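Colleague: below are the sequence and a predicted model for it; my questions follow.
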Amino acid sequence: PTPGMVPYENIQFQLIDTPPISNEYTDPLMVDLLRRGDLLVIMLDLKADVLQQLEDTLAILGEWRIFPERADVPEDLKKPPFLKRILLSVNKVDDEDDEEDYKVFVELAGTTLPTIAVSVNRGRNLSAFIEKIYEMLDIIRVYTRAPGKEPDFTSPFVVPRASRLEDLGEKVHKDFKEKLKYARIWGKAVYDGQMVQRDYVLQEGDVAEFHV
């Protein structure tokens, strides 16, 4: 597996390119890596038997107890399953003819998994691919500011959607979880500088000023 970083606006994701999944020998460490990932991207080759690729890959993942979210999990599993966000990325969609083949694949596959067509060779939809990852991870970016100072919009805190103010406080400083009295928030769902309590649900782009 080869790790790398990819920017999305003012944050970065770590992507790990793994060897192809097959029925041949697979390093147990790679299985563990897939089980720990926040999101799995299954890269399919449009120029090959793309339907068979998808079927084989999902079958092997199932053998490793890795299933898409909301999938029907076999009842005879002896150990808990690993339910993962899974994105299907179909590569080599280089031109209009390939786009038609991609649409046929989506129709025949009948999958409910999110799917995106890309062309690594042509650089097509690569930005949309990263944006899709951000969307599927269900995270938001929030910012902090010290009283009387401007926030740094180049360095957000990344938290799960529906996180509360106290969750952010704990990421900023370990003492905030206990000592936080209130915060002032600048954002789309509040008026500028509105005072909120620790159970306030954070929104994308919020700026928090903590008071202890």
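Modeller: Yep, that arrived.

Colleague: can you pull the contacts of residue 125?
Modeller: Neighbouring residues of residue 125 by CB atoms under 8 Å, 6 or more residues apart in numbering: 93, 116-119. C-betas here are computed from N, CA, C, even on glycine.

Colleague: filter the residues you listed down to just the ones in helices.
Modeller: Secondary structure from DSSP state H places none of those in helices.

Colleague: mind listing the strands for this structure?
Modeller: Assigned strands in the chain, in chain order: 2-8, 11-17, 39-45, 66-68, 82-91, 115-117, 139-144, 157-160, 182-186, 194-196, 207-211 (criterion: DSSP state E).

Colleague: ok, and what's touching the last one?
Modeller: With CB under 8 Å, 6+ apart as the contact definition, strand 207-211 has outside contacts at 142-147, 151, 165, 168-169, 172, 176, 180-187, 193, 202.

Colleague: I'd like to know which of those are buried.
Modeller: 142-144, 151, 165, 168-169, 176, 180, 183-187, 202 (16 or more other CB atoms under 10 Å).

Colleague: quick one: furthest residue from the center of this protein?
Modeller: Distance to the chain centre peaks in the chain at residue 148, reaching 34.4 Å (criterion: CA atoms, centre = their mean).

Colleague: regarding it, what are the backbone dihedral angles?
Modeller: Here is the backbone geometry of residue 148 (degrees, to the nearest 10): phi 80, psi 0.

Colleague: from the centroid of this structure, which residue is nearest?
Modeller: The chain has residue 137 as the residue nearest its centroid, 2.8 Å off, counting by CA atoms, centre = their mean.

Colleague: in the protein, which helix or strand is least confident?
Modeller: helix 176-179 (a mean of 78; mean pLDDT, DSSP states H and E).

Colleague: counting contacts, what elements does that helix pack onto?
Modeller: Here helix 176-179 is seen to pack against helix 165-172 when contacts are counted using 3 or more CB pairs under 8 Å, 6 or more residues apart in numbering; DSSP states H and E.

Colleague: now the angle from the helix it packs on to strand 139-144?
Modeller: Going by axes from the mean of the first three to the mean of the last three CA atoms, to 10 degrees, helix 165-172 is angled at 70 degrees with respect to strand 139-144.

Colleague: helix 165-172 vs strand 182-186, what angle?
Modeller: With the same axes, to 10 degrees applied, the angle from helix 165-172 to strand 182-186 works out at 90 degrees.

Colleague: thanks a lot, see you next time.
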